[in-house]
Every structure is written in structure tokens, then in C-alpha cells.
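K.L.:
following is a predicted model, sequence given first.
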There are 2 protein chains.
Amino acid sequence: MTKPSQELLRSISDEHVLRSLMTARKLTRAELAIQTGLSKPTVSESVRRLVEQGLVADTGERTPGGRGKGRVGSFYGLAEDSGVALVVTIAPDGVTAECVDAYGDVISRTHRTITGPAEVAAVLPSVAAETVAAHNVRLCTVSAADPVDRRTGRLVQLPDSPFLVGDLDPVAVLGPLLHGPVVVDNDVNWAAQAEHEALGVADFAYLFLGEGLGCAVVSDGEVRRGHSGLAGEISHLITAGPTGATPFIEVFGELGLRQDGTTAIDVARLRDADPAVLARAIGGVVTALVTLADPEVVVIGGSWGPSLLDAITAECARSPRPVPIRAASVANPSLTGARAAALDLLRTDLVSRAGPRTPRSG
Amino acid sequence: MTKPSQELLRSISDEHVLRSLMTARKLTRAELAIQTGLSKPTVSESVRRLVEQGLVADTGERTPGGRGKGRVGSFYGLAEDSGVALVVTIAPDGVTAECVDAYGDVISRTHRTITGPAEVAAVLPSVAAETVAAHNVRLCTVSAADPVDRRTGRLVQLPDSPFLVGDLDPVAVLGPLLHGPVVVDNDVNWAAQAEHEALGVADFAYLFLGEGLGCAVVSDGEVRRGHSGLAGEISHLITAGPTGATPFIEVFGELGLRQDGTTAIDVARLRDADPAVLARAIGGVVTALVTLADPEVVVIGGSWGPSLLDAITAECARSPRPVPIRAASVANPSLTGARAAALDLLRTDLVSRAGPRTPRSG
DNA sequence: CAGTTGTAGGCAAGGCCTCTAACTAGAATT
DNA sequence: AATTCTAGTTAGAGGCCTTGCCTACAACTG
């Protein structure tokens, strides 16, 4: 456990100051004292330390901008070069890279359209290198439209599942470009995290129905990834198919709804299928989610999932354990979720850098 | 967030001292200083405070028991009346109540056999009252062989599921007898927690096959209960039955393996059933667990589950995503799990009581 | 324009908490 | 009786946070 040292108190003070600056962007010492609940001398000392460490800087702005009477105060903010996080999403149609700073601002965005998985290997490092060259990148989160091995960060191909992005080791590609960690996860898990923040519900399930099939379970406020990160890869889940108990993905095979050559869902042809049959299969998946994870609500996302909302709702209403169904509400959910995670990690990283002592006399 | 006060440091010191005493049972101040890593004066002060608050007491024992030279030291331990936790399990065959102290010792055990659910309402309060009268009971954990509503602690009956213990509100029954919280959960969840501690695996699933059917999912080192605590109630999970896609519980209905009158499994008649058919249905459940929770291992427990281990293992080996299957290893798992949780809560409760200041001069 | 008001920030003192170092207490060994 | 060794206390130093007071300085008031 933690040792009861005075340094612990100091680091708590510093964290208060830093976190206040992250949300308020700029504050005078007096404002910081009010925001943090600390006394003015304590805040002053903390600011002095943080400035010395290069994490906080005087913005140059001064108070009397119509604020009224009183002595002029100096606004402090996070240092310019206090670091940013890189957010990358890799999907069959393109690669996006964003840069977020500790305020949560997106300070750059690059998108490259690709025509096939083969291009990822070339596009990914070039997109990342651009951003890394321009900013002090501390860490990176990556969203990929394929199952991700939690322990290695590599994309993995599961039997009979579409492999949309293809074989890729983002940690190996991006790791050398920056100094901090590279966190890779599946697009559905990131999407669920984004939905979690929008919904404010601690226990729910996110069912993603697009070219690939997937889901994510949020339990006790966190996305649960399982032992190797493959939780939610529902292709082989046994459900009710047209001819009996069938793995979920094979329902689409039996209905002739998979793309030739690949194992992805043919979304274009889906509209001709009987919604009731699809809903029955999806209902089996929802039942599995309800029995195993007991979500408060099941959120349906993906390119074609929400269009079946009524059919799914009707199917689930007949279940012995009905659960509310709703459509996903966040736009660009994977990017949003990965960005939120990156912001969180970046802020924690920034706080953790406020460590070593700086004696007052200098 | 926490405020950086000196009191925080003090409470950390006190926590160190208390937790050391919990595991070592009795220590001198010098030994405490070594164990906790704190300095001797700090430990002395902390012990003085804790004695004054009645949480720690001089055991009366003195060091020179052949330890060699040196001044005699005094052994300190937790105070006699520092409180115990009550652990109750409620199953169709009986009610057990145990008392654990903060060392983890079981200091009393009562068991009452019952012949039917109707007796629970009478037996439960009487068993609990005995224990409560004899000890300073701070809190209580309850294991019940039925689904438990996480928010209220009440037992709930799900459609088509056996209701083994019957309608009961343990919080209402036991709450008035003691001053602390009453934590109620399902026997399978407690069993999974016990198995978790024995296995040391952070992500696994526990499948319970007895008169009732259930499972529990441990993710990131914790049992995940879901929104209302009904995660793992797998009766309605769609799986492969003799005639196609069937809810798990109805597989047993179709096979004529449910007890007449109730909806429980008739365990006696199970041995006549075809293991392959059962294993196929169970395999569907395991597949659901694997796809949704991605466990490192699936543990099979319950009265008849382990006897089918080979058949289940064979069935799962054919799956596109095989997972290791093993039999549960903990005896009395629900009681063990509930006891471990009670111990944890009791220790945290004890630590949290070490709060208010005690000035030195007295 | 002089005086008043009100805010930003600094300084000093006080209270605590932990640590190190030195010291006292007391038993076993030599 | 002197030595040795361990338990626990005392003394002092260093650090951190707080309160209270002071200075600097801009705007308002009459």
C-alpha cells in the first residue's frame, strides 16, 4: 500500500491544480485556490513547482479584462508542449488520425481513404508520422475494425469471421514513433465506451451490426474485454436460425447474405431479407446478452442494425426477460470512444509526470 | 477527489498498522515498524491512537519466550470486541450461519436442516439472532440459492426457473438485527468468487449445474452481476436442444428431467439421460460464455455438472473457439465465497472506524 | 484628485505528521 | 558486575497545509 509521506500530500495538491487547469483552461492562482479548495499559499507553491517542471505556464494574459476592480492577476494554463495524444481508427474504408491535447481539443485530423486492407500497412505509419513530427505525442489509442488480442494489441482473425482490416500489429508499427504506450482495441469496444459516456448507464450491452458482427458488454461502468480481448465476438454464438440452432454468422450464410469471396455481411442485399427471420436470430443474441450480462438496456449500432430496431424490439418483447432496446446515439462512435480514452490516459500521464521535488530556493 | 490533509497521512499509517495486525494476529511495536515500513515513533503513535479508540489492545503477552536478550516487548492485537461478520447461506436443504472475525477465523457455526422453503422464514431469524446475541456483529453477507435483485437484496422468481428457497427479503429480516450492511447475493456468484480466489485467474466463467442452473462471469478480477444482479441466470439462453434452438431450461423439459410440481432439475434421473445430448446443450451455453465474456477457463460446478466433465470437454473441443474446461475445486464454494467477502468487508469496516483524532495529552 | 473598495498574491506563524538519531529500560549472557 | 542486545521513548529537523495579515494595484466615489 501507499506510504504516508508528505510527498503524497504534495502530489495530491499538484493533481488538483492540474486537473482544474485541464477543465478550466486558464485560471489565476486565486481562482485555483477556490476551484481546488486548497489555500492560496498551497496553490502558489504548487503552481511554482509545476511551472518549474514545465507542465504549467503563465499564459501571459492578465485579469483586468472588464472583471472590475482589484489587482491584476496572471492566468496560468497547461504548458504549450505538455503533450498530446494520438487517436487512430482503422476501418476498411480508411484510416483517421487525430491529435488531442489535455484540454480535450482536437488539434489536428488527418484522413486517408483506402480501397482495401492491403493499403493499411503503408498508410498507417505515414499518417502517424505526420502527426508525430508536428507534436509532442505522449501516447496513442488505436481502434481497429477487427478482433484485437488484449495482451499483444495485435489484430487476430477468428475462424469464419470477416477479417476487415487484416493482419496488423499496431503496437509494432506505432510504438517506435512515440515514447508512451499504444493501446489497441476493437472498434465496437470503443464505440461502447463512447455510448457509455453519452448514456451514463453502468451496465448495458452494445450490439454492433455492420459488415462485421460484434458486441460489447459494459459492466460496472467499464467495457469488459475478457481474458484475451475477444469478449463480444459473437459470430459463433448459437442462436435461432432458419433451420434450427445455428451459429449467428451462419444464419447469414444460410440466407445468402454474405459477400462472395470474403466472409463479411453483404449489407446491400440485407434489405431484401425477411426482417422477422433476422430479428429472430438477433433476438437469440440479445437473450444471451440478457441472461449472461443482465444489461439495463441493449444499444443497437452499426450500419444496418438500427434499421431493424422495430423488428428487434418486437422480437425481444416476447422474451421471458424483456429488455429495453434503443438505437445508438453517438456519431462516429469508435473515434469518439478512442478519443475519450486517449484524453483520459493523457491526463493521467500528465498528472503522473508531476513527481520529483523542486526545492524552493533556486 | 481527496483533500491533501495531514489527517490523510495519519489514517494511512493507522491502516497499515491495522492490516498488519489482521494477518499477523499479534505484533510488538518494533515488529509493526518492520512489517509496515514505518518508523518506530510513527508506529508507537498509531498504536496509542488505536488503543485509545478501542480497536487495538495489548494482548498481555510479553516477548521473552525464548526469543533471547533484550527488553521485553508487548504484543498488540485487534481488540477482543472489534467486531465480527455474519455469513449466512440459505439453500433448499438448510440454513448455515457462521461468524468470522477480522483475522479470518470462523468463531462459530450453526446449521439447521430444513425440509422445505417454507421453513426458511422461521429458521433464518432464529439462527441469526443466536449469533448476533453472542457477538458484536458489524455486517452480514448472505448467499441464497435463487436469483437476487442487486438493488434491493430480495430474492426474485424468474419465469420458468425453479424457485428453490422462495420469496424472501434477507435485508428486511437480518437488517434490524445488526447495525451494518447486509449484502445478499446468489450462491453461484459467491461460488465463483471463491473459485476466483483459489484459481487466481482474472477472467473466467463458472457454470453451475445442480437442481438450479446458473453461471457467473468473473471479469477483470471481479464477479460481474449486471444491472439488477441477474447476470448468469441462464435458463432462457438459446442453445442446441434435441429438437433445434431451445431455451436451456426447456432442454431438460423436453428430456423429461424436471421434477414434477416444481421447475427444478431432477438430478436423480439425469444419469439415465444421454450425456452427448446434455453436453451439446451445455456446449451451446459455453459457446455463449466464450463469445460474450471470453473467459480464460470455464469452471464447472454444481451437483451433477462435474460428472459430465468429459462429455462437455469433448463437445467444446469441437468448437471453433475451444476453451479449457475444468471442474470446480473449492469445497462449499458458496459459503467460502460469502465468507471471503464478509472478511473483506469486515476488515474495511474496521479500518474505516479508525478515524477521529485523539490528542496525545490525556 | 484623494479616499475607499475589492481582488491578486506574498509572508509569517502555527499545527501536524513522519523521519532520523540518540537515549533509556530491562532482560539474557559472559 | 559488565556486556550485549532488543523494545520503546524522546528530541529535533524537515515538510506540508492552513489561517491571518500585509502589500500591490486597479476601479469606483464623491
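P.N.:
Now that the structure is in, tell me what you want to look at. Numbering: from 1, shown residues only, chains lettered A, B, ... in the order given.
K.L.:
tell me the residue furthest from the middle of chain A?
P.N.:
Using CA atoms, centre = their mean, the residue of chain A lying farthest from its centre is A:Lys69. It sits 44.7 Å away.
K.L.:
then that one would be within a helix, right?
P.N.:
No. Read with DSSP: H, G, I helix; E, B strand; the rest coil, A:Lys69 is coil and lies in no helix.
K.L.:
check it and give its pLDDT.
P.N.:
With respect to pLDDT, A:Lys69 scores 81.
K.L.:
residue in the stretch 101-250 of chain A nearest to chain B?
P.N.:
The stretch 101-250 of chain A approaches chain B most closely through A:Gly226 (2.6 Å), counting by CB to the nearest CB. For the C-beta atoms, the positions are set from N, CA and C on the backbone; glycine is no exception.
K.L.:
for that residue, list the residues it contacts.
P.N.:
Each residue near A:Gly226 by CB atoms under 8 Å, 6 or more residues apart in numbering or on different chains is listed here: A:150, A:232, B:203, B:219, B:293-295.
K.L.:
show me how chain A divides into domains.
P.N.:
Using automatic domain parsing, the domain ranges for chain A come out as A:6-81, A:84-190+A:333-348, A:199-327.
K.L.:
what's the closest of those domains to DNA strand D?
P.N.:
domain A:6-81 (3.1 Å; CB to the nearest atom of the strand).
K.L.:
and the closest one, how far from the chain's centre?
P.N.:
The chain centroid and the centroid of domain A:6-81 are separated by 29 Å under CA atoms, centre = their mean, to the nearest Å.
K.L.:
only alpha carbons, please: show the helix or strand hosting A:Arg48 as PDB.
P.N.:
Assigning secondary structure by DSSP states H and E places A:Arg48 in helix A:40-52. The C-alpha coordinates for helix A:40-52 follow below in PDB (Å, rounded to 0.1, in the frame of the first residue of the first chain):
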ATOM      1  CA  LYS A  40      -3.700  30.300  -1.500                       C
ATOM      2  CA  PRO A  41      -0.200  29.600  -0.300                       C
ATOM      3  CA  THR A  42      -0.500  25.900  -1.100                       C
ATOM      4  CA  VAL A  43      -1.700  26.700  -4.600                       C
ATOM      5  CA  SER A  44       1.000  29.200  -5.100                       C
ATOM      6  CA  GLU A  45       3.600  26.600  -4.100                       C
ATOM      7  CA  SER A  46       2.100  24.000  -6.400                       C
ATOM      8  CA  VAL A  47       2.000  26.400  -9.300                       C
ATOM      9  CA  ARG A  48       5.600  27.300  -8.800                       C
ATOM     10  CA  ARG A  49       6.600  23.600  -8.800                       C
ATOM     11  CA  LEU A  50       4.600  22.800 -11.900                       C
ATOM     12  CA  VAL A  51       5.900  25.800 -13.800                       C
ATOM     13  CA  GLU A  52       9.400  24.800 -12.800                       C
END
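K.L.:
surely A:Ala264 meets A:Ile249?
P.N.:
No. With contact defined as CB atoms under 8 Å, A:Ala264 does not count as touching A:Ile249 (10.1 Å).
K.L.:
when the two are compared, which one has more neighbours?
P.N.:
A:Ile249 (24 against 20; other CB atoms under 10 Å in any protein chain shown).
K.L.:
that one contacts A:Glu211, doesn't it?
P.N.:
No. At 11.9 Å, A:Ile249 does not count as touching A:Glu211 under the criterion of CB under 8 Å.
K.L.:
who touches the residue of the stretch 201-350 of chain A found nearest DNA strand C in this structure?
P.N.:
Closest approach between the stretch 201-350 of chain A and DNA strand C, counting by CB to the nearest atom of the strand: A:Leu350, at 21.6 Å. Applying CB under 8 Å, 6+ apart to A:Leu350 gives the contacts A:18, A:22, A:55, A:78, A:82-83, A:102, A:138.
K.L.:
only the buried residues of the helix or strand hosting it, if you could.
P.N.:
Per DSSP H and E, A:Leu350 falls inside helix A:333-353. Buried residues in helix A:333-353, defined by neighbour count with 16 or more other CB atoms under 10 Å in any protein chain shown: A:333-343, A:345-347, A:349-351, A:353.
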